[in-house]
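*Asks:* give the three-dimensional model of this entry:
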Amino acid sequence: MTGDIEQVTISKIGADAMTVRTPSAQSLPPTLLRLAVRRVQIISVVFLILMFIGWFLTNLLEGELADEFRRVGEWGPAIFIITASFLMLGLARLSRISPATVLAIALVYEVAISWGMAFSTHYDAFQNMPASLMESDIVGFSGVALWMVFFTVMVPAQPGRALVALLLSAISVPVVYLLEVRAGRAPALDAAGLWLVFAGPHLLAVGLAYISARAIYRLGRDVKRAQEMGSYRLVERLGSGGMGEVWRARHRMLVRPAAVKLIHADALGVDVEEAKVLISRFEREAQVTASLQSPHTVELYDFGTTEDGKFYYVMELLEGVDLEQLVSRFGPLPPERVVHVVRQVCASLGEAHRRGLVHRDVKPANVYLCQRAFQYDFVKVLDFGLVKWHTPLPSEEDLKLSQAGSILGTPSYMAPEIARGEGPIDGRADLYAVGCLAYWLLTGQLVFEASSFPAMVLAHANQQPTPPSRKTELAVPASLDAAVLSCLEKKPDQRVQTADELVAQLNRVQLEEPWTKERAEHWWRRHDDGG
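*Replies:* Predicted coordinates for the structure are as follows:
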């Protein structure tokens with residue numbers, strides 16, 4: 001999984017405000033609710049346009065607009081539909097009204113439009129028509145039936161509520177007809193005729209629409225269940241890659257923001273055994289990350305497997321930017337800031353190495369620079385997914401996990417012993433990658449430039465690096481040059497041996513000015529808008 005997920009900058013993400021949720025809000029995912037509200041807005045606008053063109057503008061151009069206002073039955077339904085659509089559009093656009101509340105109001109809007117359409121269609125429509133001609137094939141199918149089915153498909157709702165709205169909508173046509181009979185503007189039908197012409201077809205439409213409402217509602221609940229990871233609910237996708245996705249999530253009760261990293265079963269390949277191995281690697285990433293206690297290692301909250309075969313783990317949601325993006329956007333860092341960052345990276349790796357673990361994919365995209373409470377430039381090391389126990393005789397299962405899938409690690413930051421396939425691999429391979437990372441921070445360039453994967457691997461295995469001071473306009477102290485180059489020695493025995501030893505070298509670097517808390521805070525405040 002490591003290296004597959006695109007790192008995403010998260011700035012100023014706080015805990016979501018607690019809100020009172022209606023039953024429908026608890027049953028449908030937020031994304032579906034927001035899309036439904038958007039559809040309600042579109043439907044309202046469409047009705048306003050249709051009424052403007054079909055009623056107002058047409059009557060105006062034909063010179064009959066004044067005649068429309070002589071009887072309330074002519075203009076009343078049109079004005080009612082326009083008013084209802086304006087109100088619905090306005091309410092749907094109010095951000096302080098929750099999507100669930102908007103959709104509940106939308107059911108009232110469905111009923112209102114149905115009655116408006118029934119009055120508009122049937123008012124004075126049967127004047128002087130004999131009862132013998134009042135048959136369904138002559139009277140025709142009311143637009144109310146089509147409206148009910150259309151609205152139910154477009155706007156999901158809890159089935160019970162949808163059924164109530166449908167029934168209230170369906171009775172509009174027979175009720176309007178009976179009012180016309182009472183007013184003497186339509187012939188009276190017997191019970192059978194009333195059922196066949198006005199009531200039966202609309203109750204049939206109610207049945208079809210209700211079936212649709214149940215199906216759509218069930219699909220929405222399935223989406224919701226698919227987005228639930230343990231005690232966490234997915235809110236927004238932050239990034240995706242070949243193996244899976246990263247989502248912003250929220251704990252159901254604690255209202256705590258988090259990041260959920262998940263891997264899809266169908267992205268594991270066609271070979272069942274290989275899929276099992278990759279799932280084991282992903283599970284081990286969660287277990288290893290959870291065992292580490294350094295404040296500079298990303299914190300793990302939870303992990304598990306969903307019903308549909310996705311493995312996931314939940315980690316803290318970081319506010320900041322990864323070092324890949326940092327240098328790409330803002331250029332090389334001053335030497336004192338590089339020293340400050342690398343020390344923290346060493347703190348995370350040092351604990352892992354003392355526990356017998358090797359990260360194996362240290363690179364700028366896997367190191368986050370964060371704002372944490374009132375701390376600035378706080379480093380978090382991510383993605384221990386390729387972590388390996390550096391025992392002299394690895395188990396058969398460990399060899400499988402290290403070989404399944406693609407090449408382990410990132411070639412631009414790969415230690416020579418990994419490139420050559422030599423072993424055993426220990427923490428000094430990570431320190432080589434830390435040297436590459438420091439090189440990137442100081443120069444904005446890779447240690448070696450190559451046009452292909454094999455060429456990059458050969459460069460790290462055989463070529464000698466140019467000191468970073470020669471590739472940047474910044475004044476890099478000679479002692480910092482030496483510390484970086486000591487990480488980039490080809491043979492592990494000649495390289496800096498431990499993270500603590502590298503920190504000691506960095507502490508001896510003579511800097512023109514220190515990287516202080518005040519300077520870090522000033523930088524973050526200046527770039528807080530993303531500029």
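*Asks:* and the longest helix belonging to the chain, what's buried?
*Replies:* Looking across the chain with DSSP state H, the single longest helix is helix 200-226. By 16 or more other Cβ atoms under 10 Å, the buried positions in helix 200-226 come out as 201-203, 205-206, 209-210, 212-214, 216-217, 220-221, 224. Any C-beta I mention is one placed from the backbone N, CA and C, and that applies to glycine too.
*Asks:* tell me the domain boundaries of this structure?
*Replies:* Following automatic domain parsing, one finds the domains of the chain at 30-226, 229-526.
*Asks:* now tabulate the ones you listed in CSV and tack on mean pLDDT.
*Replies:* Shown next, in CSV, are the domains of the chain (pLDDT from 0 to 100):
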stretch, mean pLDDT
domain 30-226, 86
domain 229-526, 80
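*Asks:* need phi/psi at residue 114.
*Replies:* Main-chain torsions, residue 114, degrees, to the nearest 10: phi -60, psi -50.
*Asks:* that one touches residue 148, doesn't it?
*Replies:* Yes: if you go by Cβ atoms under 8 Å, residue 114 and residue 148 touch, sitting 6.7 Å apart.
*Asks:* overlap in contacts, these two.
*Replies:* 169, 170 (Cβ atoms under 8 Å, 6 or more residues apart in numbering).
*Asks:* who's more crowded, those two?
*Replies:* Of the pair residue 114 and residue 148, residue 148 is the one with more neighbours under other Cβ atoms under 10 Å, namely 29 against 26.
*Asks:* which parts of the helix or strand harbouring that one are buried?
*Replies:* Applying DSSP states H and E as the criterion places residue 148 in helix 143-154. Across helix 143-154, burial judged by 16+ other Cβ under 10 Å covers 143, 144, 145, 147, 148, 149, 151, 152.
*Asks:* would you mind listing the buried residues in the helix or strand that comes right after it?
*Replies:* With elements assigned by DSSP H and E, the helix or strand that comes after helix 143-154 is helix 159-170. For helix 159-170, a neighbour-count test (16+ other Cβ under 10 Å) marks 159, 161, 162, 163, 165, 166, 168, 169, 170 as buried.
*Asks:* tell me the secondary structure at the most centrally placed residue in the chain.
*Replies:* Taking Cα atoms, centre = their mean, the centroid of the chain lies closest to residue 237, which sits 1.7 Å from it. Per DSSP: H, G, I helix; E, B strand; the rest coil, the local secondary structure of residue 237 is strand.
*Asks:* before we move on, could you check phi and psi at the closest residue to it other than its chain neighbours?
*Replies:* Once flanking residues are discounted, residue 237 sits nearest to residue 247: 5.3 Å by Cβ to Cβ, 6 or more residues apart in numbering. Dihedral pair for residue 247: phi -120, psi 150, per degrees, to the nearest 10.
*Asks:* isn't residue 247 up against residue 240?
*Replies:* No: using Cβ under 8 Å, residue 247 is not in contact with residue 240; the gap is 9.4 Å.
*Asks:* who has more neighbours out of the two?
*Replies:* The residue with more neighbours, out of residue 247 and residue 240, is residue 247; 24 against 15, by other Cβ under 10 Å.
*Asks:* name the nearest residue to residue 43, sequence neighbours excluded.
*Replies:* Closest to residue 43 by Cβ to Cβ, 6+ apart is residue 154, at 6.7 Å.
*Asks:* typed the wrong thing, it's residue 350
*Replies:* residue 499 (3.6 Å).
*Asks:* quick one on the thing from earlier: and the buried residues of helix 159-170, which is closest to residue 337?
*Replies:* Nearest to residue 337 out of the buried residues of helix 159-170 is residue 161 (Cβ to Cβ; 57.4 Å).
*Asks:* and the nearest residue to the closest one once chain neighbours are set aside, what does it touch?
*Replies:* Nearest non-adjacent residue to residue 161, counting by Cβ to Cβ, 6+ apart: residue 107, 5.9 Å away. The neighbourhood of residue 107, defined by Cβ under 8 Å, 6+ apart, consists of 157, 161, 162, 164, 165.
*Asks:* from residue 207, how far off is residue 107?
*Replies:* Between residue 107 and residue 207 the distance, using Cβ to Cβ, to the nearest Å, works out to 18 Å.
*Asks:* what does residue 371 give?
*Replies:* Distance from residue 371 to residue 207, by Cβ to Cβ: 56 Å.
*Asks:* what count of nearby residues applies to residue 43?
*Replies:* Using other Cβ under 10 Å, residue 43 has 23 other residues around it.
*Asks:* my guess is residue 294 meets residue 344, correct?
*Replies:* No: counting by Cβ under 8 Å, residue 294 does not reach residue 344; the two are 9.1 Å apart.
*Asks:* what about those two, which has more around it?
*Replies:* Ranked by neighbour count (other Cβ under 10 Å), residue 294 and residue 344 place residue 344 first, with 20 against 16.
*Asks:* ignoring the adjacent residues along the chain, who's closest to the more buried one?
*Replies:* Once flanking residues are discounted, residue 344 sits nearest to residue 379: 3.5 Å by Cβ to Cβ, 6+ apart.
*Asks:* pretty sure that neighbour contacts residue 366?
*Replies:* No: using Cβ under 8 Å, residue 379 makes no contact with residue 366, being 11.1 Å away.
*Asks:* out of those two, which sits in the busier spot?
*Replies:* For residue 379 versus residue 366, neighbours defined as other Cβ under 10 Å are more numerous around residue 366 (28 against 23).
*Asks:* the more buried one reaches residue 322, doesn't it?
*Replies:* Yes: contact criterion Cβ under 8 Å: residue 366 and residue 322 qualify, at 7.3 Å.
*Asks:* what sits closest to residue 491 if chain neighbours are left out?
*Replies:* By the measure of Cβ to Cβ, 6+ apart, the closest residue to residue 491 outside its immediate chain neighbours is residue 416, 7.8 Å from it.
*Asks:* count the residues that sit near that neighbour.
*Replies:* Here the number of neighbours of residue 416 (other Cβ under 10 Å) works out to 22.
*Asks:* now the strands for the stretch 351-500 of the chain?
*Replies:* Remark: strands assigned in the stretch 351-500 of the chain by DSSP state E, counting those that start in this stretch are 357-358, 367-372, 375-381, 388-389.
*Asks:* looking at these, which is closest to residue 131?
*Replies:* strand 367-372 (78.3 Å).
*Asks:* tilt between that closest one and strand 375-381?
*Replies:* Strand 367-372 runs at 140 degrees relative to strand 375-381, counting by axes from the mean of the first three to the mean of the last three Cα atoms, to 10 degrees.
*Asks:* what is strand 367-372 packed up against?
*Replies:* strand 320-322, helix 323-330, helix 335-354, strand 375-381 (3 or more Cβ pairs under 8 Å, 6 or more residues apart in numbering; DSSP states H and E).
*Asks:* export those as TSV, with columns for distance to residue 311.
*Replies:* Below are the helices and strands packed on strand 367-372 laid out as TSV (distance: least, Cβ to Cβ, whole Å):
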stretch	distance to residue 311
strand 320-322	23
helix 323-330	25
helix 335-354	22
strand 375-381	21
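*Asks:* of all the ones you listed, which lies closest to residue 484?
*Replies:* helix 335-354 (9.0 Å).
*Asks:* which helices and strands sit right next to that closest one?
*Replies:* With contacts taken as 3+ Cβ pairs under 8 Å, 6+ apart, helix 335-354 sits against strand 367-372, strand 375-381, helix 427-443, helix 478-487, helix 499-507.
*Asks:* most packed of the ones you listed?
*Replies:* Of all these, helix 427-443 has the most neighbours on average by mean count of other Cβ atoms under 10 Å, namely a mean of 25.
*Asks:* what's the angle from it to strand 375-381?
*Replies:* Using the same axes, to 10 degrees: helix 427-443 against strand 375-381 is 140 degrees.
*Asks:* distance from the chain centre to helix 427-443, please.
*Replies:* 32 Å (Cα atoms, centre = their mean, to the nearest Å).
*Asks:* same check on stretch 151-164?
*Replies:* Taking the mean of its C-alpha atoms, stretch 151-164 sits 26 Å from the chain's own mean (Cα atoms, centre = their mean).
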